[in-house]
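> turn this into a model:
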Amino acid sequence: MQSSKNQLCATGYYYDGHTARAHTAELHVNNRGELELNPGLRPATAFTDITISSQVGNTPRRIKFSDGGLFETTDHESVDQWLKSWNRSPGWTHHLESKMAYALSALFLVVAFIGVSITWGIPWSSKYIAEALPASITASLGDSALESLDKLVFYPSKLSPERTAELQAQFLELLPPESKRYEYQLLFRGGGKIGPNAFALPNGTIIMTDELVAIAKLDEELHAIVLHEIGHLHHRHSLRQIITHTSLVALTTTLIGDITAAGTLIAGIPNVLMEAGFSREMETEADTYALQQMQKIGLDTEHFANIMERLQLATFNDEDNEQRKNNKGNIDNSAADDQDDQDDKNPLNMSKALDFFSSHPLTKDRIARFRDAKSPQ
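Below you'll find the model as predicted:
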């Protein structure tokens with residue numbers, strides 16, 4: 001038995017626990033049944049004073065010494081023979097991994113855990129976390145998101161100071177009386193490629209694009225959109241989206257250990273806010289808030305339906321314009337060219353990469369709900 005042990009030698013790297021330097025070394029069992037390094041970087045050590053990690057795939061085995069030293073090796077066969085000779089188990093992890101049925105079961109459980117976490121666990125917990133977060137954190141998140149959006153997405157607004165002041169004064173009249181949670185403000189930006197749109201940031205800031213103002217025939221239509229966005233803030237939807245996104249980052253990092261991927265996901269938080277992709281439940285909650293407030297203040301709910309239909313019309317016109325431009329290379333049609341020039345000047349027909357419906361999915365039921373509602377006389 002002793003001669004067999006002496007023949008088993010594992011090559012790897014030794015760390016003394018005091019510096020980060022890796023020493024190339026060999027580890028073997030001497031005649032006294034102790035683990036001994038060559039070169040002799042440490043005294044021979046009894047098996048009772050070490051901990052050997054389980055084998056997981058081809059990752060190095062870690063042999064930890066009680067004084068903080070560490071030996072890493074990929075010579076799993078030698079390590080397993082040591083464990084067998086000294087009546088020690090190679091570890092439950094390796095046992096499970098070596099059995100296909102166990103491995104498949106573990107894979108199924110991991111996939112199920114991820115699925116349940118994404119579809120139910122994270123969204124459910126984000127609601128309660130959002131309610132518990134202090135205002136200082138939500139303000140910081142909103143401020144940093146606005147700074148990023150101004151650099152990457154928005155352009156300075158071209159609305160006149162008089163028009164801006166007028167809409168902001170109207171905005172103040174729409175705020176809920178219990179507005180201590182946020183310091184609400186309405187800001188205007190040039191939307192560029194995102195076109196007519198509105199966003200609610202978690203610090204109480206609502207951003208409205210010039211393009212949205214341009215397609216509204218009445219200010220009351222903008223009031224309806226503002227109330228919808230206040231509804232998102234009332235239910236903390238933007239914050240919940242950020243928490244969900246961050247939780248997915250944490251889950252990804254935990255499962256794959258990719259810090260770089262996590263950093264990329266965190267950097268995408270402004271995009272999360274811009275393309276909120278609110279769930280049907282969240283949209284219904286925001287609609288309900290807007291509908292109730294419109295009825296409460298006597299604002300005709302028809303205005304919400306009208307502006308939503310106008311936004312839908314803008315989307316359809318954009319699709320027609322894109323199709324027509326794709327056909328220009330095949331059809332010589334000067335009338336189509338003139339129409340394109342006219343469309344470029346029409347705010348309803350601006351080419352956009354994103355539109356209002358990227359974050360506010362339009363359905364006939366939503367429009368019908370507002371159109372059928374009766375405001376108090």
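> gap between the closest residue to Arg371 other than its chain neighbours and Asp372?
Spatial nearest neighbour of Arg371, chain neighbours left out: Ala305 (4.4 Å); criterion: CB to CB, 6 or more residues apart in numbering. Placement of C-beta: from N, CA and C, glycine included. Using CB to CB, to the nearest Å, we find Ala305 at a distance of 9 Å from Asp372.
> ditto for Glu221
From Glu221 to Asp372 the distance is 18 Å (CB to CB).
> those two: who's more crowded?
Glu221 (22 against 10; other CB atoms under 10 Å).
> host element of the more buried one?
Using DSSP states H and E, the element containing Glu221 is helix 219-234.
> now that helix: mean pLDDT?
Per-region confidence: helix 219-234 scores 95 on mean pLDDT.
> then stretch 16-25?
For stretch 16-25, the per-residue pLDDT averages 88.
> so the residue nearest to Arg371 touches Asp365, yeah?
No. Ala305 is not in contact with Asp365 according to CB atoms under 8 Å; the separation is 11.4 Å.
> which of these two has more residues huddled nearby?
The residue with more neighbours, out of Ala305 and Asp365, is Ala305; 20 against 9, by other CB under 10 Å.
> now do the contacts for that one.
Residues in contact with Ala305, defined by CB atoms under 8 Å, 6 or more residues apart in numbering, are Ile367, Ala368, Phe370, Arg371.
> same thing but at 10 Å, please
Glu221, Ala224, Arg366, Ile367, Ala368, Arg369, Phe370, Arg371, Asp372, Ala373 (CB atoms under 10 Å, 6 or more residues apart in numbering).
> what do you get for Ile137?
Per CB under 10 Å, 6+ apart, neighbours of Ile137: Pro202, Asn203, Leu239.
> TSV for those residues, including distance to Gly33 and secondary structure?
Converted to TSV, the contacts of Ile137 look like this (distance: CB to CB, whole Å; DSSP: H, G, I helix; E, B strand; the rest coil):
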residue	distance to Gly33	secondary structure
Pro202	63	coil
Asn203	66	coil
Leu239	61	helix
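> name the member of these that has the highest neighbour count.
Result: Pro202 is most packed of those (other CB under 10 Å), 28 neighbours.
> and Leu186, what element?
strand 185-190.
> partners of that strand in the sheet?
With DSSP bridges as the test, strand 185-190 is paired with strand 155-156 (antiparallel), strand 205-209 (parallel).
> would you list those strands in a markdown table and tack on distance to Ala112?
Listed next are those as a markdown table, based on distance: least, CB to CB, whole Å:
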| stretch | distance to Ala112 |
| --- | --- |
| strand 155-156 | 46 |
| strand 205-209 | 39 |
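> what's the burial count for His28?
Count around His28 with other CB under 10 Å applied: 18.
> now do the same for it: helix, strand or coil?
strand (DSSP: H, G, I helix; E, B strand; the rest coil).
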